[in-house]
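Asks: sequence-free structure coming up:
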């Protein structure tokens, strides 16, 4: 039984470059979430997918950010023209559609982005 | 809008002491869920407990217990007989739908 996985675990990039992160949720989970966590703060919601449909995007997600979940399985989060303020931990979580634990979100290990 | 406040930024205790973490929340929703997550130094958020807004019964699960009081909008969490492995950042979170709203976290350090 595997949990949520994220790749890469660490990414260092130069300002202005594009980066893409991948999240593989728990296989039977149809809901997928992205959060961003900056140092000393709790995670902040970015976006939510139910199957392949992106149902909500936070105002934190500027037009430089785009997320996809093309087949309702894995998801990617792309940041274009990175800025130093994008440096953070990007967390992915998934939850099942129904059942007793339907609103429990299971988190991956995160991708730590550093923009130089 | 939903808001979660964890007033304690850091707590340091000696092993075997009890630790109580405070959490106060704000929401206009009548149905909601409250959670506690643990984030060890490795960084991965680990789910600990969940409580729904209709169930104010306080419970104990192993060394963890919680005190949910709707009248004061509080959801406090206690670790009994703390151990060094309990050292982590603990987050309280609120959800009225699908997204979680987290507090800023409380760093717990348990010294041997």
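Replies: Ah, there it is. Keep in mind that what you see is a predicted model, and the values were worked out from it rather than measured. Residues are numbered from 1 along each chain as shown, chains lettered A, B, ... in the order given.

Asks: For chain A, which residues are neighbours of chain B?
Replies: A:31, A:33, A:35, A:40-45, A:48, A:55-56, A:89, A:91, A:93, A:95, A:103-110, A:112 (C-beta under 8 Å from any C-beta of the partner chain). The way it works is simple: take the backbone N, C-alpha and C, and place the C-beta from them, glycine included.

Asks: Show the buried residues in the residues you listed.
Replies: With neighbours counted using 16 or more other C-beta atoms under 10 Å in any protein chain shown, these contain these buried positions: A:31, A:33, A:35, A:42-45, A:48, A:89, A:91, A:93, A:95, A:103-110, A:112.

Asks: Disregarding residues adjacent in the polypeptide, which is nearest to the closest residue to chain B within chain A?
Replies: In chain A, the residue found nearest to chain B is residue A:42; the distance is 3.0 Å by C-beta to the nearest C-beta. In space, and not counting its chain neighbours, residue A:42 is closest to residue B:102: 3.0 Å by C-beta to C-beta, 6 or more residues apart in numbering or on different chains.

Asks: does that neighbour have beta-bridge partners, and which?
Replies: residue B:93 (DSSP bridges).

Asks: That one against residue B:90, yeah?
Replies: No: the criterion here is C-beta atoms under 8 Å, and residue B:102 misses it with residue B:90 at 10.7 Å.

Asks: what do these two both touch?
Replies: Common neighbours of residue B:102 and residue B:90, using C-beta atoms under 8 Å, 6 or more residues apart in numbering or on different chains, are residue B:37.

Asks: on that earlier part again, for the residue nearest to residue A:42, give me its contacts.
Replies: Residue B:102 makes contact with A:42-44, B:4, B:37, B:91-93 under the criterion C-beta under 8 Å, 6+ apart.
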